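Student: Turn this into a model:
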Amino acid sequence: MRITGIESLRGRGERVSRVALSLALLGILAPGCLPGSSVDRVVLVSIDTLRADHLGCYGGKWTETPVLDALAERGLRFETAISPAPLTLPAHASLMTGLDPPRHGVRNNSTFRLDAGFPTLAERMRERGLATAAFIGAVVLDRQYGLARGFDHYDDRMAPRRAAGEFGFAERTADRVVDSAMGWLETAPDRFFLWIHLYDPHAGYRPPARYLARSSHPYAGEIAFADAELGRLIDLVRARWDERRTLFVVTSDHGESLGEHGEMTHSLTIYGATQRIPLILSGAGLPQGEVERTPARLVDVAPTILALAGAAPIADTDGRHLLADPPGGHPPESLAYMETLVPQLELGWSPLLGVRSARFQYIRAPRPELYDLREDPGETRNLVRERPEVVAELEQGLERRLANARPVEARLTPDPARREQLARLGYLAGQAAVSTAELGQVGGADPKDGLAQVMKLQMAIGLMVASRPEEALALLEPLEGGGYVFDLHRSEAARRAGRAEAAERFARAAAAQAPAVSGVHLALAEALEEQGRFEEAVASFDEAARLDPASAEPIVGLGRIAEARGEVERAVSLYQRAADSRGASAEALWRHAALRIEAGEPAGDLLSRIPEEAIDQPEAALRLARAEAEAGRPGRALLRLKRALQLSPQSAELLEAQEEVRLNLR
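Tutor: Residues are numbered from 1 along each chain as shown. The predicted model follows:
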């Protein structure tokens, strides 16, 4: 029994038969030896947005990563590992199922959920008798998206707002994630599966000052901080348990472009900067200081962990056990599948699909691309016309990967509070309408032609999140093209800036381009509502609801208009309908609660259902505080305003309301 393609860190040409010997003696690779597995504990770490080439053990010179470098020195490092998607949720769904996105059906953040019919790594580990726990660093992986299945404990609580800075409840820093995990480990049993998700390297980059001061870039500082915090957790595990029976696995969901190919962050391209990720296995008797040159994929991680832990495999995965002895001693050529549907789902442009072999990367796009990674690792010379035979072969491989794509079920419709959270993380939280038949079909605008526009759009969204809509609108108005999605964002910026007529104009422009998209009618309805043109607004809200029956937003809008007309009973009925919908609208809950408080009725049952990130938004806090003040409870009103000001300290409306309540108390 042997492993091919492994080279020593101490000499690249040195083949090491002792690797096979050590594994064979441990029985790790022997077929049919599941009951005798030597692994009692698995610590899986996914560090979000981590480029492989920014780790010292991968040759990076920009970042201090002594913990990960030492882990690689004590373990097995895969020189090339590929993620199937430059997106947190789809990539982690692949990590947990061993399936590529077309198979598990999670194609974007926030609007898809992993179906309960797919077995997960955590479920198999729990069936094996291990306690299972997960500690999550960002809202994009919270339990509503289906990854909590199989975990006895799934900690997706975000940091208190006072500790989370401008990003509110959207994420929590590595030290807080690790603190929570270490608390669980203090009383953990001897056999467990622990998943740690660290979000810090994701934009925006705000490492602690001491890491920023000694880093070449804030992104590098975030990585160094995550590395140091991970070291605390590893030290605790090693101090308490036998490392020979503990498996550490460290990887990422995707990388970061950092300006390469015209993209600053990730999600719109599938070049190596975002798709090549680290993969390190250590402990459990694995070889030390070795490098595996055969490419690996994120979908290979679950099958490998399950095999090493002696757990039952997940049937029919797209991945393989990376340490299994292949027939004939040569690992198969396993194409790595890649996709991003963000350009299609959020901007109405073409998606990008691709495959990567050991040597070539092919991208199916309106203008397809082929790169020889051996001669051109930076992917700068497109060889589509020069190597048609390679294109044909990789196209066949891509079609094989797509042949068993799963029909997409009804997608999730995030409510405004969740979209605001995602916007705080830099996601477009887009609004393009794509039918199931169109999903993943290449055609239309090529994303690489619009990257500069998207960068400005993301800047504008950031300005809106920071309550600077006038500046956002000034940035968006001169942009040419971009389609109706850009007009939707222009409409939102204008509405937030108090320019309802301009918001109406942009919404009508969007509706003319995409009349079948619910979001354009919703934007038009809100602009008309701002102008007091209620009859026209009702018609647009009704059309938005017809086009997207699962969305609660049009129903809430109809409730607001009913309130404005004094039709309180109808407003309550509409708010109840929206609150009971699949989206469970937070706005419907706090508006209904305000009506109850104003009527002198208890509203605790409604208030308890409202997420903190929604109830402390300025609009919600103002309405509820005024209701409390009118009900003769100014102390509660002041407390609510104080909490909201922690999130929005520059809000003139909140400050004015706070002063008004104080004056009335005197």
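
Student: all contacts plus neighbour counts: C-alpha atoms, from now on.
Tutor: Fine.

Student: so the closest residue in space to Leu286 that isn't next to it in sequence bridges to which residues?
Tutor: Excluding its sequence neighbours, the residue lying closest to Leu286 (CA to CA, 6 or more residues apart in numbering) is Gly75, at 6.3 Å. Per DSSP bridges, the residues bridged to Gly75 are Ser282.

Student: hang on, His153 packs against Ile136?
Tutor: No. Contact between His153 and Ile136 fails when scored by CA atoms under 8 Å: they sit 11.0 Å apart.

Student: So for the two, which residue has more residues nearby?
Tutor: The residue with more neighbours, out of His153 and Ile136, is Ile136; 28 against 15, by other CA atoms under 10 Å.

Student: Pull the contacting residues for the more buried one.
Tutor: Asp142, Tyr154, Asp155, Asp156, Arg157, Val177, Ile196, His197, Leu198 (CA atoms under 8 Å, 6 or more residues apart in numbering).

Student: for the second one, helix, strand, or coil?
Tutor: Spelled out, it's Tyr154. strand (DSSP: H, G, I helix; E, B strand; the rest coil).

Student: List the residues that contact it.
Tutor: By CA under 8 Å, 6+ apart, Tyr154 lies in contact with Ala133, Ala134, Phe135, Ile136, Arg143, Ala148.

Student: make it 7 Å
Tutor: Counting by CA atoms under 7 Å, 6 or more residues apart in numbering, Tyr154 touches Ala133, Ala134, Phe135, Ala148.

Student: Tell me which helix or strand comes right after the helix or strand hosting Arg103.
Tutor: If you go by DSSP states H and E, Arg103 is part of helix 101-104. Downstream of helix 101-104, the next assigned helix or strand under DSSP H and E is helix 121-127.

Student: Pull that following helix out as CSV, backbone CA atoms only.
Tutor: In CSV, the C-alpha atoms belonging to helix 121-127 read as follows (Å, rounded to 0.1, in the frame of the first residue of the first chain):
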residue,chain,number,x,y,z
LEU,A,121,-20.5,14.9,7.5
ALA,A,122,-21.8,15.8,10.9
GLU,A,123,-24.6,13.3,10.7
ARG,A,124,-22.2,10.5,9.9
MET,A,125,-19.9,11.5,12.7
ARG,A,126,-22.7,11.5,15.2
GLU,A,127,-23.8,8.1,13.9
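
Student: Tell me which residues are up against it.
Tutor: Taking contacts as CA under 7 Å, 6+ apart, the residues outside helix 121-127 that touch it are Met96, Thr97, Thr132, Arg149, Gly150, Phe151, Phe193, Ala302, Ala311, Ala312.

Student: Highest neighbour count among the residues you listed?
Tutor: Compared across these, Thr97 has the highest neighbour count, 30 neighbours, by other CA under 10 Å.

Student: ok, now which ones touch it?
Tutor: Pro119, Thr120, Leu121, Ala302.

Student: Taking these, tell me the two that lie furthest apart.
Tutor: Pairwise distances across these peak at 11.0 Å for Pro119 and Ala302 (criterion: CA to CA).

Student: Doesn't Pro478 belong to a strand?
Tutor: No. Applying three-state DSSP, one finds Pro478 to be coil, outside a strand.

Student: Please state the offset of stretch 207-225 from the chain centre?
Tutor: Put simply, stretch 207-225 sits 22 Å off its chain's centre (CA atoms, centre = their mean, to the nearest Å).

Student: can you pull the buried residues of it?
Tutor: Going by neighbour count (16 or more other CA atoms under 10 Å), the buried part of stretch 207-225 is Pro207, Tyr211, Leu212, Ser215, Pro218, Tyr219, Ala220, Gly221, Glu222, Ile223, Ala224, Phe225.

Student: Now do the same contact list for the third one.
Tutor: If you count contacts by CA under 7 Å, 6+ apart, Leu212 has them with Pro218, Gly221.

Student: A helix includes it, no?
Tutor: Yes. Assessed with three-state DSSP, Leu212 lies in a helix.

Student: what does the model give it for pLDDT?
Tutor: On the pLDDT scale, Leu212 is placed at 91.

Student: got it, and Arg149?
Tutor: On the pLDDT scale, Arg149 is placed at 96.

Student: Could you count how many residues lie near the spatially closest residue to His321 that is not a sequence neighbour?
Tutor: Closest residue in space to His321, ignoring its immediate chain neighbours: Thr304 at 4.3 Å, by CA to CA, 6+ apart. Thr304 is flanked by 19 other residues according to other CA under 10 Å.

Student: Which element, helix or strand, includes Thr304?
Tutor: Using DSSP H and E, Thr304 falls within helix 301-309.

Student: counting contacts, what elements does that helix pack onto?
Tutor: Under the contact criterion of 3 or more CA pairs under 7 Å, 6 or more residues apart in numbering; DSSP states H and E, helix 301-309 touches helix 88-97.

Student: Can you list the buried residues in the helix it packs on?
Tutor: By 16+ other CA under 10 Å, the buried positions in helix 88-97 come out as Thr88, Leu89, Pro90, Ala91, His92, Ala93, Ser94, Leu95, Met96, Thr97.

Student: what do you get for stretch 377-385?
Tutor: Glu379, Leu383, Val384.

Student: Now do the contacts for the last one.
Tutor: The reference is to Val384. Val384 touches Pro368, Glu369, Leu370, Val391, counting by CA under 7 Å, 6+ apart.

Student: Name the spans of the stretch 501-650 of the chain whose pLDDT lies under the cut-off.
Tutor: Scanning the stretch 501-650 of the chain for pLDDT under 70 picks out 581-584, 613.

Student: try 90
Tutor: By pLDDT under 90, the weakly predicted segments of the stretch 501-650 of the chain are 513-514, 516-519, 547-552, 579-586, 604-605, 607-619, 630-632, 640, 642-650.

Student: All the helices of the stretch 301-450 of the chain, residue numbers only.
Tutor: Secondary structure of the stretch 301-450 of the chain (DSSP state H, counting those that start in this stretch): helices at 301-309, 342-347, 388-402, 416-424.

Student: Let me have those helices in CSV, extended by mean pLDDT and distance to Ala627.
Tutor: CSV is the format used below for the helices of the stretch 301-450 of the chain (pLDDT from 0 to 100; distance: least, CA to CA, whole Å):
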stretch, mean pLDDT, distance to Ala627
helix 301-309, 96, 52
helix 342-347, 88, 37
helix 388-402, 95, 54
helix 416-424, 61, 21
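
Student: would TSV of these with distance to Pro602 be doable?
Tutor: Output for the helices of the stretch 301-450 of the chain, formatted as TSV (distance: least, CA to CA, whole Å):
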stretch	distance to Pro602
helix 301-309	49
helix 342-347	41
helix 388-402	54
helix 416-424	24
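
Student: among those, which is nearest Lys61?
Tutor: Per CA to CA, nearest to Lys61 of these: helix 301-309, 26.9 Å.

Student: Quick one: residues in contact with that closest one.
Tutor: Residues outside helix 301-309 that contact it (CA under 7 Å, 6+ apart): 28, 37, 39-40, 95-98, 121, 312-313, 319-322.

Student: Could I get the phi/psi values of Ala509?
Tutor: Backbone dihedrals for Ala509, given as degrees, to the nearest 10, come out at phi -60, psi -40.

Student: Just checking: the least confident one among the buried residues of stretch 207-225 is which?
Tutor: Scoring the buried residues of stretch 207-225 by pLDDT puts Ser215 last, at 87.

Student: which secondary structure element contains the residue lying closest to it once chain neighbours are set aside?
Tutor: Distances taken as CA to CA, 6+ apart put Gly221 closest to Ser215, at 5.2 Å, once the chain neighbours are dropped. Per DSSP H and E, Gly221 falls inside helix 218-240.

Student: can you list contacts of that helix?
Tutor: Under CA under 7 Å, 6+ apart, the answer for helix 218-240 is 62-65, 67-68, 174-175, 178, 182, 198, 200-201, 205-207, 211-212, 215.

Student: tell me which strands and helices the helix or strand that that helix is followed by is in contact with?
Tutor: For helix 218-240, the following helix or strand on the C-terminal side (DSSP H and E) is strand 246-251. Secondary-structure packing of strand 246-251 (3+ CA pairs under 7 Å, 6+ apart): strand 41-47, strand 279-283.
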